[in-house]
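Visitor: quick one: sequence and predicted model below, then my questions.
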Number of protein chains: 2
Amino acid sequence: MKRKLSIVKIGGNVIENAEELDQFLLNFSHLEGAKILVHGGGKLATKLASQLGIESQMANGRRITDAKSLEVITMVYGGLTNKNIVAKLQALGTNALGLSGADGNSIMAHKRPIKDLDFGFVGDIEGVNSKLIDTLLRAGITPVFCAISHDGKGQLLNTNADTIASEIAIGMGALFDTTLYYCFEKKGVLLNVEDDATVVKFINTETYSDLLEKKIIADGMLPKMENCFHALNHHVSKVCIGDISMLRPKATLFTTITL
Amino acid sequence: MKRKLSIVKIGGNVIENAEELDQFLLNFSHLEGAKILVHGGGKLATKLASQLGIESQMANGRRITDAKSLEVITMVYGGLTNKNIVAKLQALGTNALGLSGADGNSIMAHKRPIKDLDFGFVGDIEGVNSKLIDTLLRAGITPVFCAISHDGKGQLLNTNADTIASEIAIGMGALFDTTLYYCFEKKGVLLNVEDDATVVKFINTETYSDLLEKKIIADGMLPKMENCFHALNHHVSKVCIGDISMLRPKATLFTTITL
């Protein structure tokens, strides 16, 4: 039987709120078995960039990661946020170790090819170093990933945290019975986006088609759901979406997605 | 017979100069056997602090690490500098992995006690997690430490990089035949500080007393030498001091210190 592994991604909204982050980390530290945390960045990087007079480069309404923005991201995600989360988890008895994709060559990527648009130093993931991650997990370590990968040629690359989480889940799927958790500000996939009580508790391929047809899943939720099914189609056992209370042992109000 | 381990500390002067850093990393990547890099910070943190309008707090001429300064240090040392060094080493074929002392609980410390002066968030090292470091080395990893430790209660602590290097060397001394390298801007301990040709090639306890008496070793060099002999008195085989060319296979112009 495969060992169990939980991979939890937290979004910027959780990181920006100190109380919320502490509560999340407490819940996370109580999760049993092997686990991995992936964190996004939140608005701290935008704030620091603005303090330093670095303008956000936009093109066709999409953010571009130029050299200066990448420096800010490396400082905030890789430094401030990552190291503080690690120190807090250590205080909670979880032996955390922070990583970017460059560390131990853990997440290999290439700079996104220029088609209509040059996104700058943005990485598309090629693969995950499952051997290293397994070595760390076997040593009782809880890896904490920030949303940075590298190209193996000395270049760090800004990379979507949802994608990092799903690619790690996929990469570890051969060795582990893997559950992927997406923690954000909502209780899960909602029938009515204004009402937390309308959580869809279970989604599978069939009910997903139905929700898509009825246009219940749209906008920002669509790429997240695509990430989920991509993971499920590649050896990930289960994906859960919800807020930070989802990690509590008796939690029921969140969305579970299977094939 | 014990395995060989090289622990190399580079100072701020090397880090600040991109060409010098690249040359150093090339030399470091060619070092055979198990190795560890420890880097200080340099003036990048001071520069960022000043850009953000954070004033350096001084007391009795000594720098104080307040909460804002610690944030800057965590961003620059733990983020920007550490991750870029790791990415560059990866490109050179060295499987580097960046760490602060919080990561994997690798360097435990406590906040320096307040006597005449409160240094703020500055750490005095209690111990090094030699088991974790050995696990990483056995996995073919080259740990890259920034000058940050933690207190195990959630607090990161600014910590002298020379001390981190010597404490790691001491901590690994039971498992390894350990050589500690201090890389800085001079060729080594100089009889005439203006003349690189006056390197003292070998120093031991006896010749050290002699140099002290003649006041050849003074000022900034004294704490560094004290660190060296402290390490040698605690299971470290050899300490070498010199510039970045010291790591080349045929280098001879640097200072070697033994008991």
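Guide: Thanks, I have the structure now.

Visitor: what sits against the residue in the stretch 51-200 of chain A positioned nearest to chain B?
Guide: Of all residues in the stretch 51-200 of chain A, A:Gly79 sits closest to chain B, at 2.2 Å by C-beta to the nearest C-beta. For every residue, glycine as well, the C-beta is placed using N, CA and C. For A:Gly79, the contact set (C-beta atoms under 8 Å, 6 or more residues apart in numbering or on different chains) comprises B:Thr74, B:Met75, B:Val76, B:Tyr77, B:Gly78, B:Gly79, B:Leu80, B:Asn82, B:Lys83.

Visitor: just the buried ones among the residues you listed, please.
Guide: B:Thr74, B:Met75, B:Val76, B:Tyr77, B:Gly78, B:Gly79, B:Leu80, B:Asn82, B:Lys83 (16 or more other C-beta atoms under 10 Å in any protein chain shown).

Visitor: isn't A:Leu117 up against A:Thr65?
Guide: No. Contact criterion C-beta atoms under 8 Å: A:Leu117 and A:Thr65 do not qualify, at 11.9 Å.

Visitor: out of those two, name the residue with the larger neighbour count.
Guide: A:Thr65 (23 against 11; other C-beta atoms under 10 Å in any protein chain shown).

Visitor: next up, the contacts around the more buried one.
Guide: A:Gln57, A:Ile73, A:Phe119, A:Gly120, A:Phe121, A:Val122, A:Asn158 are the contacts of A:Thr65 under C-beta under 8 Å, 6+ apart.

Visitor: stretch A:29-44 close to chain B?
Guide: No. Against chain B, stretch A:29-44 shows no contacts by C-beta under 8 Å from any C-beta of the partner chain, the least distance being 10.0 Å.

Visitor: beta partners for A:Leu156?
Guide: Legend: beta-bridge partners of A:Leu156 under DSSP bridges are A:His150.

Visitor: isn't it up against A:Thr74?
Guide: Yes. Shown here, A:Leu156 and A:Thr74 form a contact pair, counting by C-beta under 8 Å, at 5.9 Å.

Visitor: which among the contacts of A:Gly79 gets closest to chain A?
Guide: Nearest to chain A among those, with distances taken as C-beta to the nearest C-beta, is B:Gly79, at 2.2 Å.

Visitor: could you find the closest non-adjacent residue to that closest one?
Guide: With C-beta to C-beta, 6 or more residues apart in numbering or on different chains as the criterion, B:Gly79 has its nearest non-adjacent residue at 2.2 Å, and that residue is A:Gly79.

Visitor: same deal with A:Val236?
Guide: A:Ala169 (4.6 Å).

Visitor: tell me which residues touch the one you found, please.
Guide: A:Ala169 neighbours (C-beta under 8 Å, 6+ apart): A:Ile7, A:Thr178, A:Leu180, A:Ala231, A:Val236.

Visitor: rewinding a little: what is in contact with A:Leu156 and A:Thr74 at once?
Guide: A:Ser100, A:Ile148, B:Lys83, B:Asn84.

Visitor: how about the residue nearest to B:Gly79, phi and psi?
Guide: The phi/psi pair for A:Gly79 (degrees, to the nearest 10) reads phi -100, psi -80.

Visitor: check the one 4 residues further on too.
Guide: Note on A:Lys83: its backbone torsions stand at phi -70, psi -30 [degrees, to the nearest 10].

Visitor: and the pLDDT for A:Thr205?
Guide: The model reports A:Thr205 with a pLDDT of 95.

Visitor: pretty sure it sits against A:Cys228.
Guide: No. In this structure, A:Thr205 is not within contact of A:Cys228 by C-beta under 8 Å, at 10.9 Å.

Visitor: higher neighbour count, the two?
Guide: A:Cys228 (26 against 12).

Visitor: which ones are touching that one?
Guide: A:Ser166, A:Leu180, A:Tyr182, A:Val239, A:Ile241, A:Ile257.

Visitor: for it, helix, strand, or coil?
Guide: Under DSSP: H, G, I helix; E, B strand; the rest coil, the three-state class of A:Cys228 is helix.

Visitor: from A:Ile257, how far off is it?
Guide: 5 Å (C-beta to C-beta, to the nearest Å).

Visitor: got any residues that touch both of these two?
Guide: A:Val239, A:Ile241.

Visitor: write out the residues of the stretch 51-200 of chain A neighbouring chain B.
Guide: So far as C-beta under 8 Å from any C-beta goes, the stretch 51-200 of chain A lies against chain B at A:51-52, A:71, A:74-80, A:82-84, A:86-88, A:90-91, A:95-100, A:102-105, A:132, A:135, A:139, A:141, A:148, A:150, A:152-156.
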